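A.B. asks: show me how the following folds:
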Amino acid sequence: MITLGINAAFHDSAAALVIDGRVIAAAEEERFTRIKHAKRPLPFTAWELPFHAIDFCLARAGITLAEVDHVAYSYDPSRFLKERHIGDEITLPLSPSAHPAGGWENVWDPLFASYIVNAPRQLASGAPHHLKARFRGVRHDGPYRFHFVSHHLSHQASAFLASPFSRCAVLTLDGRGEDATTTYGVYRDDTYTPLGAVCMPHSLGMLYERVTSHLGFLHSSDEYKVMALAALGQPRFADALQACVHVGDEGQYTIEPLDLVTLCGAPREKGAPLEARHFDLAASLQSVLEDTVRSLAGWLQQRTGERQLAMAGGVALNCVMNARLRDSGLFDEVWVQPAAGDAGTALGAALWIDARERDAQPAPKDRAAPTRLAPRAWRMEDALLGPDFDDDAIGALLTWAKLPARRLDDVEGETARLLAEGCVIGWFQGRMEFGPRALGARSILASPIDPAMQARLNELKDREDFRPVAPVVPREKLAEWFTPAEANRGESPFMLFIYDVPPEQADRIPAACHADRTARVQTVDAQRQPRFHRLLTAFGERTGVPVLINTSFNVRGEPVVCTPKDALDAFFSTPLDALVIGSWLIDKRRLTA
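C.D. replies: Residues are numbered from 1 along each chain as shown. Just a heads-up that it's a prediction; the model follows:
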């Protein structure tokens, strides 16, 4: 059974392919089109299908679209049309003008709905000419079956059907789906049972987005900057913010109208200097989010009795909040799907339809009823689901481009030497990551030993100077460098939780520590990423510090690199010192010598 999952609503367009319960490939459209978050100027092709990502997934499996059994689209227009009359205004207590759900999305409601409803026709006939071959032989009605899967159900499935748990509570939080903003459920005995939802206009994700916009950043994109900013402020507005957020019974909450101008002054213009009030607003928002979600998770744990929690949704990318849940004692383990944002709904929709159809039982008509699913055949142990390129293909490109590259006999040892000398290196290896984090396949790497390295990397990537950079460490060394090392089975493979850095170790890796002496840690397992693990080990042998800085291989406004050509473009347009691409090395110092 072959199931193609698609996300094309809102943003972060993506595709995923599942065969007999196993994920074969998954990728975001932005990596191929080079358009960040796969957003296009409205109204033109705003919700265009991720044809390039679909083409990659099909190519990875060696199939055409006509050979697919099911297509799962991660948005349900029937729910959209039922809950909202096309063209009607949404009443948002968070101020419609401050958020797309009250701005352009209202204006383009009919267009939005038409794109969703007509997605089957667009899939059958809308592929760009250069991709047509793999899309031939299909009509709007098949031969595959087309399924619309609700946005939050897709988030939920991406969590519990990818998690390491055979049973767990499930929590998803984002800006909004069709109508839901927060959902709860429980997965056990190959059965998923929804337990409730919070619906528009009450949304923690949209509250965070609104403050992000007020602080002069781009909503639905720059929320992680606000999270970083929070560590530099004091939560002096927290009481006022919390007074607008009311947590009720059965996991429900409401959010009252909020006047940010009265609370903390006029909105910050993009690029304007940051003031104390901006830091304090970010700190206050983060505090309210953490407290509220902890309360919601507490209700969910009591309701289900489960000791494991699986999470997804854009809010679940908040690694500070995730760490607070991890350390709360509510659950023994907390697992967050690495593509927790909307891109991950392509994965969840595909997994849901695959599991439901393989069970061969009729789906319940009541959306709140338990759904029996086929036994799982896959766990998400890594996020390496994108394209890869072998050394011969890379070498051919380097030869064609007349670049003086050298093929390395000891990739890890040579790279460790360069890093120990203070070089900043582009690291391009194996299959590309699915999700927003670079996890050692499309990374920029540097030594954490020099205190000036954080500022150097932020300048290289044209990032704000307050932004931290993240450390990566061998899994077996986690306890020596970060706490609490015993949490979540002693691993953090997706860089989605913060850890404390003990003072004696913070002095040894100053560039990897945030202002509050925390770090967003990635652990590397020797079996899953052997080359990356060997590099960390080799760097540790040279320096006594088996820790590197790992940030995404891109520059401001650009998606993470996907192909060797993307890597070369980024390398030669930035002050990177060297590029290790497969087994090949290009050293700029030799080019300019």
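
A.B. asks: shouldn't Gly348 be in contact with Ala157?
C.D. replies: Yes. Gly348 lies in contact with Ala157 (C-beta atoms under 8 Å); the separation is 3.9 Å. For glycine as for every other residue, the C-beta is placed from the backbone atoms N, C-alpha and C.

A.B. asks: quickly list what's touching both of these two.
C.D. replies: Shared contacts of Gly348 and Ala157, defined by C-beta atoms under 8 Å, 6 or more residues apart in numbering, comprise Val149.

A.B. asks: who has more neighbours out of the two?
C.D. replies: Ala157 (35 against 31; other C-beta atoms under 10 Å).

A.B. asks: so how far is Lys225 from that one?
C.D. replies: Look at Ala157 and Lys225: by C-beta to C-beta, to the nearest Å, they are 29 Å apart.

A.B. asks: on the pLDDT front, check the nearest residue to Leu408 once chain neighbours are set aside for me.
C.D. replies: With C-beta to C-beta, 6 or more residues apart in numbering as the measure, Glu414 is the residue that lies nearest to Leu408, at 5.0 Å, once sequence neighbours are left out. In the prediction, the pLDDT value recorded for Glu414 is 98.

A.B. asks: surely Glu414 is within a strand?
C.D. replies: No. Assessed with DSSP: H, G, I helix; E, B strand; the rest coil, Glu414 is helix; it does not lie in a strand.

A.B. asks: so it touches Leu585, yeah?
C.D. replies: Yes. Here Glu414 reaches Leu585: they are 6.6 Å apart, a contact under C-beta under 8 Å.

A.B. asks: for Val18, give me phi and psi.
C.D. replies: The phi and psi values for Val18, taken as degrees, to the nearest 10, are phi -120, psi 130.

A.B. asks: residue contacts, it?
C.D. replies: 2-3, 5, 24, 350-351, 354.

A.B. asks: first-to-last residue distance for stretch 172-181?
C.D. replies: From its first residue to its last, stretch 172-181 covers 8 Å (C-alpha to C-alpha, to the nearest Å).

A.B. asks: overlap of the contact sets of Glu414 and Leu585?
C.D. replies: With C-beta under 8 Å, 6+ apart applied, the overlap between the contact sets of Glu414 and Leu585 consists of Leu408.

A.B. asks: which stretches of the protein have low pLDDT?
C.D. replies: Residue ranges of the chain with pLDDT under 70: 38-47, 80-110, 592-593.

A.B. asks: quickly list the domain ranges of it.
C.D. replies: 2-75+118-159+342-372, 168-336, 391-591 (automatic domain parsing).

A.B. asks: these: which one's closest to Ala383?
C.D. replies: Each of the domains of the chain has some distance to Ala383 by C-beta to C-beta; the shortest is domain 391-591, at 4.8 Å.

A.B. asks: one step back: relative to Leu351, how far out is the residue nearest to Leu408?
C.D. replies: Distance, Glu414 to Leu351, by C-beta to C-beta: 40 Å.

A.B. asks: these two: which is more packed in?
C.D. replies: Each of Glu414 and Leu351 has its neighbours counted (other C-beta under 10 Å); Leu351 has more, 30 against 19.

A.B. asks: helix or strand: which one has that one?
C.D. replies: helix 344-358 (DSSP states H and E).

A.B. asks: same for that helix, what does it pack against?
C.D. replies: Helices and strands touching helix 344-358, by 3 or more C-beta pairs under 8 Å, 6 or more residues apart in numbering; DSSP states H and E, are strand 2-7, strand 14-19, strand 22-28, strand 70-73, helix 151-160.

A.B. asks: what packs against the shortest one?
C.D. replies: With contacts defined as 3+ C-beta pairs under 8 Å, 6+ apart, strand 70-73 has these neighbours: strand 2-7, helix 119-125, strand 145-148, helix 344-358.

A.B. asks: so what strands line up beside it?
C.D. replies: Looking at strand 70-73 with DSSP bridges, its partner strands are strand 2-7 (parallel), strand 145-148 (parallel).

A.B. asks: cool, and the third one?
C.D. replies: On the basis of DSSP bridges, the sheet neighbours of strand 22-28 come out as strand 14-19 (antiparallel).

A.B. asks: CA atoms only: put the strand it pairs with into PDB for me.
C.D. replies: The C-alpha coordinates for strand 14-19 follow below in PDB (Å, rounded to 0.1, in the frame of the first residue of the first chain):
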ATOM      1  CA  ALA A  14       5.600  19.500   2.000                       C
ATOM      2  CA  ALA A  15       5.100  15.900   0.900                       C
ATOM      3  CA  ALA A  16       5.700  12.500   2.400                       C
ATOM      4  CA  LEU A  17       5.500   9.000   1.100                       C
ATOM      5  CA  VAL A  18       4.600   5.900   3.200                       C
ATOM      6  CA  ILE A  19       4.700   2.300   1.900                       C
END
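
A.B. asks: could you give the angle of that strand to helix 344-358?
C.D. replies: Orientation note: strand 14-19 sits at an angle of 30 degrees relative to helix 344-358 (axes from the mean of the first three to the mean of the last three C-alpha atoms, to 10 degrees).

A.B. asks: my guess is Ser447 contacts Asn550. True?
C.D. replies: No. In this structure, Ser447 is not within contact of Asn550 by C-beta under 8 Å, at 11.5 Å.

A.B. asks: of the helices and strands packed on helix 344-358, which is nearest Met453?
C.D. replies: When the helices and strands packed on helix 344-358 are ranked by proximity to Met453, the top entry is strand 22-28, at 28.4 Å, counting by C-beta to C-beta.

A.B. asks: show me what the closest one is in contact with.
C.D. replies: 5, 12-18, 38, 50, 53, 56-57, 60-61, 162, 339, 343, 346-347, 350-351, 377-378, 380, 385-387, 432, 434, 559, 562.
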